[in-house]
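[1] model the structure of this input:
(one chain, ligands or ions: 1)
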Amino acid sequence: MGEQNDVLFSITTRHLNTGLRGFPVGTVRTSRVDPMEGVSYVGYSVKDLANLDPEAVVYLMFNKELPNAEQLSAFKADLASRANLPEGVAAMVTGLPKQGHPMEWLIAGLNLLGMTGKTNDYTEDALNLIARTPELVATVFRQRSGWGAPIESKPELGLVENFVQMMGVPGADAGKLTALLRTFYILHMDHGGGNLSTFTGKAVASGLADIYASLGAAMAGLYGPRHGRANQDCLAFVRSVGTTDADEIEAMVRTRMANKQLVFGFGHAVLRAEDPRATIQYELGKEICPNDALFQTALALRERAVKVLKENPKISNPYPNVDAVSGTLLNSQGLTDSDYYTVLFGFARIAGIAAQIVDERVNFRNGKGVAIYRCSFKAENQDPRSLNS
Ligand code: MLT
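    Sure, this is the predicted structure:
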């Protein structure tokens, strides 16, 4: 870290109303996003972590080092011991209105967990929440989708393994789905401190709201189509292409560009190269669904959309992001309803945001915690009529 008084940049009125682009937001010890290299967790490239046990990466978020075998098995046992949902939560979630979006169910479920099981110790609550999320999210999937009676939780199987068996996705190959979701969970766990959901969760927690309410707010941030819900729109886009022919796909991208329509799954606020989370998923797709027609479409888009987008000098990042192919892979493994994809993103991101909240509330400033978020700027004191919007 630099000296206490390092000048990071100077703020002018031009920076107002730009969605805090370029503004640093506190310090983040769990992950870092490099424009060219993409995300790393505590100094480890996500490429080197993608095949580990998901619990090892959760451990890394909290302890800032990878566990040895003994530490990992103790941590898994600890999470398993925390996994049961408090009495009545599953029934209350099951009763939520079916017309609600799965993310609205998740947000309601998080608040129900807070009402029924909080300890008011940020670390305890964070670990309890991470351990209980598999059953909560499986309940959201199964009950809202009408897949039948709940399947008993077996937390000793592991976080993602138990989640897959509790979902009981009709017709799915459990081995392949588990492999996909283990990687998906790790890749979506954290992305620095400046993404909307993380920023929101930490801001809400800075007022000393508990972790459940803070994560509920964070998930409301993730719910928006400009953030986590983009993954569901990406699958709709890939489905709408309707061909695997690269030349036809290139022509379609050109038409969209001419009509000023979005090319979903390409570009990112920070990244300036292909998102490593996308690269890893393309490679995984070649293993688990190489002949899937939508996957072929996604691969052709990766080649031709980048080619077309690169021709436009105004586009700072023409490359695929994390959402470009995630929905295609989920769809190939039986999770065909894209309305649920953001819930899977949230399932993973809860771990990263919870770890960042614990750092801000319990660890930083010698245990005093980060001050309540309170943005201010000289412009607040200026005559509003003198400022452009
Ligand atoms: C994320 O993973 O949060 C997204 O890539 C969005 C972001 O980093 O702003």
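
[2] where exactly do the helices run in the stretch 1-150 of the chain?
    Counting by DSSP state H, counting those that start in this stretch, the segments of the stretch 1-150 of the chain that form helices are 46-49, 54-63, 69-81, 89-94, 102-117, 122-145.

[3] TSV please, covering those helices and showing mean neighbour count.
    (Glycine included, C-beta is placed from N, CA and C.) Formatted as TSV, those follow (neighbours: other Cβ atoms under 10 Å):
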stretch	mean neighbour count
helix 46-49	18
helix 54-63	22
helix 69-81	15
helix 89-94	17
helix 102-117	21
helix 122-145	23
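
[4] tell me which of the ones you listed approaches P225 most closely.
    helix 102-117 (10.9 Å; Cβ to Cβ).

[5] now do the closest one: everything it contacts.
    85-89, 92-93, 96, 100, 128-129, 132, 136-137, 139-141, 144, 210-213, 215-216, 219-220, 222-223, 228-229, 339-340, 342-343, 346 (Cβ atoms under 8 Å, 6 or more residues apart in numbering).

[6] how about stretch 43-53?
    32, 37-41, 57, 60, 66, 72, 76, 158, 182-183, 186-187, 276-277, 279-280.

[7] from those, which would you call buried?
    32, 38-41, 57, 60, 66, 72, 76, 158, 182-183, 186-187, 276-277, 279-280 (16 or more other Cβ atoms under 10 Å).

[8] in strands only, show me those.
    By the criterion of DSSP state E, membership of those in strands covers R32, G38, V39, S40, Y41.

[9] relative to T139, how far out is the closest residue to the first one other than its chain neighbours?
    With Cβ to Cβ, 6 or more residues apart in numbering as the measure, S40 is the residue that lies nearest to R32, at 5.4 Å, once sequence neighbours are left out. Between S40 and T139 the distance, using Cβ to Cβ, to the nearest Å, works out to 33 Å.

[10] any idea which helix or strand carries the residue of the stretch 201-350 of the chain found nearest the ligand?
    Using Cβ to the nearest ligand atom, the closest approach of the stretch 201-350 of the chain to the ligand is made by A269 at 5.0 Å. Of the helices and strands defined by DSSP states H and E, none includes A269.

[11] circling back to that earlier point, export the helices of the stretch 1-150 of the chain to CSV and tack on distance to E250 and mean pLDDT?
    CSV is the format used below for the helices of the stretch 1-150 of the chain (distance: least, Cβ to Cβ, whole Å; pLDDT from 0 to 100):
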stretch, distance to E250, mean pLDDT
helix 46-49, 29, 98
helix 54-63, 37, 98
helix 69-81, 46, 98
helix 89-94, 45, 97
helix 102-117, 34, 98
helix 122-145, 36, 98
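
[12] alright, calling it a day.
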